[in-house]
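Student: Predicted model, plus sequence, below.
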Protein chains: 2
Amino acid sequence: MLAKPLTLSAPGKAILHGEHAVVYGKAALAVALNLRTFLRIKPSNNGKVLIHLPNIGTSVNWETFRLRTLLTVFSGNPEQMDALKEFAGITTELSAAESLGTLAFLYLYLSISAKYGQIPSVEIVVWSELPTGTGLGSSAAYSVCLAAALLTACGAIGCPVETEKSIVRWSEEEMDLINRWAFRGEQVIHGKPSGVDNSVATWGGVLRFQSGKFTSLKRVPTLRILLTNTKVSRSTKILVASVKDKILKFPAIMNPVLASIDAISHECESVLEAMAVSPSQEYYPVLEELFDINQHHLNVIGVGHSSLDNVCRVTATHGLHSKLTGAGGGGCAITLLRPDPLMVEAARQDLSACGFECWETSIGAPGICLHSLSSLKAEVLHIFNPV
Amino acid sequence: MLAKPLTLSAPGKAILHGEHAVVYGKAALAVALNLRTFLRIKPSNNGKVLIHLPNIGTSVNWETFRLRTLLTVFSGNPEQMDALKEFAGITTELSAAESLGTLAFLYLYLSISAKYGQIPSVEIVVWSELPTGTGLGSSAAYSVCLAAALLTACGAIGCPVETEKSIVRWSEEEMDLINRWAFRGEQVIHGKPSGVDNSVATWGGVLRFQSGKFTSLKRVPTLRILLTNTKVSRSTKILVASVKDKILKFPAIMNPVLASIDAISHECESVLEAMAVSPSQEYYPVLEELFDINQHHLNVIGVGHSSLDNVCRVTATHGLHSKLTGAGGGGCAITLLRPDPLMVEAARQDLSACGFECWETSIGAPGICLHSLSSLKAEVLHIFNPV
């Protein structure tokens, strides 16, 4: 049970290689981003459950006794979602982020309470460095943080003992439980999530996923990257359907391209594991070449976009290599940075001048973990302990 | 034997699909361009053999009795090339075009005379619409014209009887002989030619070549294209070697790309045959898509160039689709034009503004053929019959 406040965080994700091809049983590599969602949970004695989401300016609370009433009839069945929406006061006036954030919280609170015993009065603040709606796994990071916090609060999983390390983690079995509950949160938010995002947010590092199975790479290097949001909105569903159409139209042309993407994922995995063992500059040109090749392949299967071509061209003029990441058709691009890149700032400026938004971060970040307050950066501390 | 002047012509070539992949046993499609090399041969009685190449401002002649003397010792062996160079007065001061043009002529004159009896006193003028050194098969068109003219002049092949048609052709057996002699001319000029260029210049239309075998497509449509010379010079040898290196470096990634290119050639062949049977606008988007896909593949195998990317981008802004043609790394790009394109002139202007040179022409042109003078366009007539 929750004896004291806890601060935890989970990372966002990016797809390094294998987006779309994964739908056809090919390998994909998903990486944890060092852009994280932070959650602070503390016991309270006001008989309420409160959740505050400063990113979207939302704060809601419910009396615990009202939640207890709801619990007696709550089974977690999808048919109950409408009743849950009504209870949560979700109307069409709210933004999708507010509605879904509130709904996923209520759903996890009720489901976990139904299974492990009601979670007591708590105050929760969730704040994220991740942009929403850009395919960087912000909802999964949110779900994973919520699942970890609520499972800890009701005692379903232990509270990792803080050591001298700045971060501590749960056991493998506990992480697995967090992941499974987070997946249910993702289902509330996305309907039919692939499970990739919550797995990366839980386990961190680099995951290979293929034919529905996830494998964590044993050792992974930390690589610096630049993420660029083209701000061109796209429908993942429509893009996935268009790839399918292309494969049906030109099977003999397209199937080898999927096979090549599969080989890129495997080659990249080997390079990452080799880099983790012996970091060396010599691996960068290979990783860059794989980015370039896959970007061409993604254009071939029809998920490119002129805005993404722009990102590639602009970064290329600064000696940097980029590819789209995720669904494509706009959305985000990922650019590999060398350890001591000279021209990143210039590239960022040129990208901003195109109207794009950039985040410099790293990949291979840890998954869900517990933080000692002293290890948090000032920005996060300020959110959780406003003066 | 040559009783009267003859005018003949042979087309240049472009690779539609399969460049580089053909080295690995994949199918390639080579098309005859409606940019042609014209040759006029007329009997003369001044005891000389004269060849005039107005494109490069060269005119050389030899006394037939001196050629007869040379014939007694000429076997056509490669070792005799140096002696031939000396005889032809080829020094390092001459341009490659002058030297090789003269040498190929002398070589074919002597070899054909040695085999079929000496060719009498003639005057030959060769003029071409094809740019040289751009991979558009100008040397093969030259060799094919020379072989056809010289074989006709010595009676090794007949002189097709002119009909009411503006062009007439030789029999299949005769064309085969022309092609084989033209290949020897190409060997003088190129050292190790693939045989593609002279085959296209001989047979015209569209040829599929795979594993050293050539197959003429039975029916081909005439398609309008724009050829753009980026003027970026490249070494075919170095490009071929770099592709090989890439395949050795990433076999699992690259071999599927070659398989996909192979499938593109076959798909394109089917579409061209279908278009020839029933011309319809509906085929253009498919041909355009195949161009786009293959251009990405060619970038993947490493034979792209920023100048070629520029051609693709510039033409795309006018709704046109382009790919590199031939060796890549610069050189020429080919752009497909629809029957009634609105924006070709605007695209040409933009390409010229980039410093590129363009030729609008068509593909699927006839191979080596004999012209009636009345059917020649004014520009060609003017070259052959200057006032």
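Tutor: Noted; the coordinates are in hand.
Student: Tell me if A:Val380 really is in a strand.
Tutor: No. A:Val380: not assigned to a strand; according to DSSP: H, G, I helix; E, B strand; the rest coil it is helix.
Student: Which residues are in contact with it?
Tutor: A:7, A:38, A:127 (CB atoms under 8 Å, 6 or more residues apart in numbering or on different chains). Where C-beta positions appear, they are placed from N, C-alpha and C, glycine not excepted.
Student: Any figure for the gap between it and chain B?
Tutor: Distance of A:Val380 to chain B, given as CB to the nearest CB, to the nearest Å: 41 Å.
Student: how does chain A divide up, domain by domain?
Tutor: Annotated domains of chain A cover A:6-214+A:366-384, A:220-362 [automatic domain parsing].
Student: So which residues on chain A come close to chain B?
Tutor: Residues of chain A lying close to chain B (CB under 8 Å from any CB of the partner chain) are A:250, A:252-254, A:256-257, A:259-260, A:263-264, A:266-267, A:290, A:292-293, A:296-297, A:299-300.
Student: Out of the domains of chain A, which is closest to B:Ala153?
Tutor: domain A:220-362 (47.9 Å; CB to CB).
Student: What segments of the stretch 151-300 of chain A are strands?
Tutor: A:167-168, A:206-210, A:213-216, A:223-229 (DSSP state E, counting those that start in this stretch).
Student: As a markdown table, the ones you listed with mean neighbour count and mean pLDDT would be great.
Tutor: Formatted as a markdown table, these follow (neighbours: other CB atoms under 10 Å in any protein chain shown; pLDDT from 0 to 100):
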| stretch | mean neighbour count | mean pLDDT |
| --- | --- | --- |
| strand A:167-168 | 16 | 85 |
| strand A:206-210 | 22 | 96 |
| strand A:213-216 | 12 | 94 |
| strand A:223-229 | 23 | 96 |
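Student: Including distance to B:Gly76, could those go into JSON lines?
Tutor: Output for the strands of the stretch 151-300 of chain A, formatted as JSON lines (distance: least, CB to CB, whole Å):
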{"stretch": "strand A:167-168", "distance to B:Gly76": "81"}
{"stretch": "strand A:206-210", "distance to B:Gly76": "61"}
{"stretch": "strand A:213-216", "distance to B:Gly76": "65"}
{"stretch": "strand A:223-229", "distance to B:Gly76": "62"}
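Student: quick one: which of those strands is nearest A:Leu150?
Tutor: Taking CB to CB, strand A:167-168 is the member of the strands of the stretch 151-300 of chain A nearest to A:Leu150, at 18.3 Å.
Student: Against which helices or strands is the closest one packed?
Tutor: Helices and strands touching strand A:167-168, as assessed by 3 or more CB pairs under 8 Å, 6 or more residues apart in numbering or on different chains; DSSP states H and E, comprise strand A:369-371.
Student: now what about the strand it packs on, what contacts it?
Tutor: In contact with strand A:369-371 (CB under 8 Å, 6+ apart) are residues A:6-10, A:38, A:159-160, A:162, A:166-170, A:204.
Student: Counting neighbours, which of these comes out on top?
Tutor: In terms of neighbours by other CB atoms under 10 Å in any protein chain shown, the contacts of strand A:369-371 top out with A:Ala10 at 35 neighbours.
Student: And it, what's its pLDDT?
Tutor: Note on A:Ala10: pLDDT of 98.
Student: again, but for A:Thr134
Tutor: pLDDT, A:Thr134: 86.
Student: Now do the contacts for A:Thr222.
Tutor: A:362-365.
Student: And for A:Leu130?
Tutor: Contacts of A:Leu130 by CB under 8 Å, 6+ apart are A:12, A:33, A:35-37, A:136-138, A:141.
Student: Pop out the phi and psi values for the residue in the stretch 101-250 of chain A that chain B sits nearest to.
Tutor: Using CB to the nearest CB, the single residue of the stretch 101-250 of chain A nearest to chain B is A:Phe250, 6.5 Å away. The phi and psi torsions at A:Phe250 (degrees, to the nearest 10) take the values phi -130, psi 60.
Student: B:Ala263 is in contact with that one, correct?
Tutor: Yes. Contact criterion CB atoms under 8 Å: A:Phe250 and B:Ala263 qualify, at 7.4 Å.
Student: Tell me which of these two has more neighbours.
Tutor: B:Ala263 (23 against 20).
Student: quick one: the more buried one from chain A, how far?
Tutor: Taking CB to the nearest CB as the measure, B:Ala263 falls 4 Å from chain A.
Student: Next one: that residue from A:Pro251, what distance?
Tutor: 8 Å (CB to CB, to the nearest Å).
Student: Which of the strands of the stretch 151-300 of chain A sits closest to B:Leu151?
Tutor: Of those, the one closest to B:Leu151 (CB to CB) turns out to be strand A:206-210, at 61.9 Å.
Student: show me where pLDDT drops low in the stretch 251-387 of chain A?
Tutor: For the stretch 251-387 of chain A, applying pLDDT under 70 flags the ranges A:341, A:386-387.
Student: Helices of that one, start to end?
Tutor: Under the criterion DSSP state H, counting those that start in this stretch, the stretch 251-387 of chain A contains helices at A:251-277, A:284-300, A:306-316, A:344-353, A:378-384.
Student: Would you mind giving the ones you listed as TSV with distance to A:Phe214 added?
Tutor: What follows is these, written out as TSV (distance: least, CB to CB, whole Å):
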stretch	distance to A:Phe214
helix A:251-277	13
helix A:284-300	20
helix A:306-316	27
helix A:344-353	32
helix A:378-384	28
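Student: By proximity to chain B, which residue of the stretch 1-150 of chain A wins?
Tutor: Counting by CB to the nearest CB, the stretch 1-150 of chain A gets nearest chain B through A:His17, at 10.7 Å.
Student: Give me the neighbour count for the closest residue to A:Leu320 other than its chain neighbours.
Tutor: For A:Leu320, ignoring the flanking residues on the chain, the nearest one in space by CB to CB, 6 or more residues apart in numbering or on different chains is A:Thr335 at 5.1 Å. The tally of other residues near A:Thr335 (other CB under 10 Å) stands at 29.
Student: do the same with A:Met275
Tutor: A:Met275 has 21 nearby residues by other CB under 10 Å.
Student: got the contact list for it?
Tutor: A:221, A:223, A:283.
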